[in-house]
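*Asks:* what shape does this take:
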Amino acid sequence: MAAAAAAARNALEKKEKRASIMKNRRMSENHFQVTSDVKPTEQPVEDARKMADKVRKSIVVLQKPKVEEGQPHDGSCLGSRKLPYQDEVLMAYQNKYVVTFVALCIMGNFVVNIVEKEIDPDPDNPKYEKFWSTMDVTFNIIFIFELWANMWSYGGPVSEFWRSGWNVFDTIIVAVGFLTMVNALGPPLDKLKLMRAFRVFRLFKRIPELNKIIMALLNSITPVFYAFVVMFIFFCIYAILAVELFRDFGSGGYYYTTPLNETDPNYEEPIPSITPRGYVHGLEYYGTFMRALYTLFQVMTGESWSEAVARPLLFGLYQNNAFTVGFFFTSFIILMQMVMINVVVAVLLENFVTDSPEDEEEEEALEMEYIEDMKREEPAAAVMAPPVPEPAPAAPASGSSMDALEAKMDLLLKAVAECKTEIKEMRQVQAGVVPVDMHEAPKNEI
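*Replies:* The predicted structure follows:
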């Protein structure tokens, strides 16, 4: 009886959500249907339509009935029949206090690992071996029970459980922790205990803000990869040029400059060009492609490169003619540090502010579903509604038509403001700020 009542309530809530969404859709379309043949204002009206459609879709997304994380899962590893207390375990697992406790345990385990490597880093001569072992066993037991509760709430190790990448990651980390706890892994597999440091990644599943950042980074892998390919190509070009231009610098163990106060323009003072590793400057920094590539990477990071990498070339190459060296390093820094790095940042920001492909596909599917619902309701509405007279031909541009257009634009802006207010109220309700039951059934239907 309780399950049937819950199913009936869910069906009623879904029906009311869909009715509310379709009502808002009709209201939006009535407000946003602005037509005019006045040529000078066609583009602003079109822009307003696009903006209104975007606001309407935002309302649809906020109100769309979707499967939430805490909703009971259908079936189990036993088939259509659920496991004992499956829904109750899910409710306990999704309880905010349990979520907070598990998050604190993950953070606590991470802090313990940091403290262990700081005050007791020698594994062959540990000072507090019993304490670290006790803490490791305690956290392992907590995480094993947490994984069990999560799997049980899905109905066991079903396919729906394994479709979540976070669940797969949790299972691997907990399994490795359990095997190291019971000393089931011998050399060299005992090195897998280093995966304990990755337990903190499980925190990303618990905190939505961190999860959003990680998912944005994962969605950015492909475009960022191509941005790095472009950067690598420029690195290679400059490394090839550096080998060609600078490899022979200081080849005799010295490079020559003319002192600033020297009156004889033909006098050249020898400067030692031997590095602490016994190489001359040209061979150490630009002797091969890989050496030049690493030197340019050091230049891009800005790590104490100028005095050893560039200034000897500025004063000793081409008899104090600094144009070639100055143009080479200045153009490299402008291109790599000011342009390409910002391209990578722009790609990351784009993926932070845009929806994931899965969300876009879900929105499109929902839109198509509502369109089909409206098509099914249109015949009945056409039978009940009185005939609509044909619209009069559009009048040429005049003062009255402009006034009518301005009035319609006012209606449009008012509708947009109402939509924004409704979006704000919806977010407040979802956040629990406004104690309003949006799914309260009408009294005449109870």
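*Asks:* which SSE is immediately downstream of the helix or strand containing residue 118?
*Replies:* Residue 118 belongs to helix 96-119 when assigned by DSSP states H and E. Of the helices and strands lying after helix 96-119 in sequence (DSSP H and E), the nearest is helix 129-154.
*Asks:* pLDDT averaged over that next one - what is it?
*Replies:* In this model, helix 129-154 carries a mean pLDDT of 91.
*Asks:* after that helix, next one along is what?
*Replies:* helix 159-162.
*Asks:* would you mind listing the buried residues in that next one?
*Replies:* residue 161 (16 or more other CB atoms under 10 Å). No exception for glycine: its C-beta is placed from N, CA and C like everyone else's.
*Asks:* do the same with stretch 302-317
*Replies:* In stretch 302-317, counting by 16+ other CB under 10 Å, buried: 305, 309-310, 312-317.
*Asks:* next: stretch 412-420.
*Replies:* Neighbour counts using 16+ other CB under 10 Å place 412, 415-416, 419 of stretch 412-420 among the buried residues.
*Asks:* now do the buried residues in whichever helix or strand residue 226 is part of.
*Replies:* Here residue 226, judged by DSSP H and E, is contained in helix 221-246. Neighbour counts over helix 221-246 (16+ other CB under 10 Å) mark 223-224, 227, 231, 235, 238-239, 242-243, 245-246 as buried.
*Asks:* just to revisit the earlier point, show me what the helix holding residue 118 is packed up against.
*Replies:* helix 129-154, helix 203-206 (3 or more CB pairs under 8 Å, 6 or more residues apart in numbering; DSSP states H and E).
*Asks:* and the ones you listed, which is most packed in?
*Replies:* Comparing the helices and strands packed on helix 96-119 by mean neighbour count (mean count of other CB atoms under 10 Å), helix 203-206 ranks first with a mean of 18.
*Asks:* in a markdown table: the buried residues of stretch 412-420, plus distance to residue 75, secondary structure and pLDDT.
*Replies:* Listed next are the buried residues of stretch 412-420 as a markdown table, based on distance: CB to CB, whole Å; DSSP: H, G, I helix; E, B strand; the rest coil; pLDDT from 0 to 100:
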| residue | distance to residue 75 | secondary structure | pLDDT |
| --- | --- | --- | --- |
| 412 | 48 | helix | 80 |
| 415 | 44 | helix | 78 |
| 416 | 44 | helix | 79 |
| 419 | 39 | helix | 76 |
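*Asks:* ok, the buried residues of helix 221-246 vs residue 287, which is closest?
*Replies:* residue 243 (7.6 Å; CB to CB).
*Asks:* looks like that closest one contacts residue 283 (just checking).
*Replies:* No: taking contacts as CB atoms under 8 Å, residue 243 lies outside contact range of residue 283: 10.5 Å.
*Asks:* related to what we said a few turns ago, of all the helices and strands packed on helix 96-119, which lies closest to residue 188?
*Replies:* helix 129-154 (20.0 Å).
*Asks:* show me what the closest one is packed against.
*Replies:* For helix 129-154, the packing partners by 3+ CB pairs under 8 Å, 6+ apart come out as helix 86-93, helix 96-119, helix 159-162, helix 165-181.
*Asks:* angle of that helix against helix 86-93?
*Replies:* Angle, helix 129-154 to helix 86-93, by axes from the mean of the first three to the mean of the last three CA atoms, to 10 degrees: 130 degrees.
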